[in-house]
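Chemist: sequence-free structure coming up:
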């Protein structure tokens, strides 16, 4: 039935391992059990996020967030919520350090609250960061006026 060439091909095919012979079914080997978990003795960190502070893992430098904080702070100023505006302007100074604009708004907010010394510090920081500001002369006059008022309150 089979010629020599067919037999040779069948033997080569069987010898190559491509031919499978029926074997009795075996139970599957169970996978090795995972190593026992070591219990971590440290407690999970408490959530540092709060309504007033961002979690420490949040990015600090975020110029887009700074612009948004300024925008929202200005909205709060118009609305009359000066405390909320100050919070947003402070957030903007942290999100984009070295950015002068939030310090000008911060000075205005402190001035509106009657907090003269923080207003002077904020205005001065604005001028330090942006010495050639278009409104620089106006801000310098405000600083001088606030210094006069602070001196009057001392006496």
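Modeler: Happy to help now that I have it. Quick caveat, the model's predicted, so the values are computed rather than measured. Residues are numbered from 1 along each chain as shown.
Chemist: Tell me the secondary structure at residue 132.
Modeler: coil (DSSP: H, G, I helix; E, B strand; the rest coil).
Chemist: count of neighbours near it?
Modeler: Using other Cβ atoms under 10 Å, residue 132 has 6 neighbouring residues. All C-beta atoms are positioned from the backbone trio N, CA, C, and that covers glycine.
Chemist: May I have the phi/psi pair for residue 130?
Modeler: phi -140, psi 70 (degrees, to the nearest 10).
Chemist: So it is in contact with residue 100, correct?
Modeler: Yes - Residue 130 is within contact range of residue 100, at 3.7 Å (criterion: Cβ atoms under 8 Å).
Chemist: dump the residue contacts of residue 130.
Modeler: 100-101, 136 (Cβ atoms under 8 Å, 6 or more residues apart in numbering).
Chemist: residues contacting residue 140?
Modeler: So residue 140 contacts residue 127 (Cβ under 8 Å, 6+ apart).
Chemist: Could you dump the contacts of residue 130 into a markdown table with distance to residue 150 and neighbour count added?
Modeler: Formatted as a markdown table, the contacts of residue 130 follow (distance: Cβ to Cβ, whole Å; neighbours: other Cβ atoms under 10 Å):
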| residue | distance to residue 150 | neighbour count |
| --- | --- | --- |
| 100 | 23 | 16 |
| 101 | 25 | 18 |
| 136 | 21 | 13 |
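Chemist: Could you pick out which of these are located in helices?
Modeler: 101, 136 (DSSP state H).
Chemist: quick check, nearest of the contacts of residue 130 to residue 85?
Modeler: In terms of Cβ to Cβ, no member of the contacts of residue 130 lies closer to residue 85 than residue 101, at 13.6 Å.
Chemist: Which elements pack onto the helix or strand in which residue 72 is found?
Modeler: Following DSSP states H and E, one finds residue 72 within helix 63-79. Packing partners of helix 63-79 (3 or more Cβ pairs under 8 Å, 6 or more residues apart in numbering; DSSP states H and E): helix 82-95, helix 101-113.
Chemist: Fine by me, we can end here.
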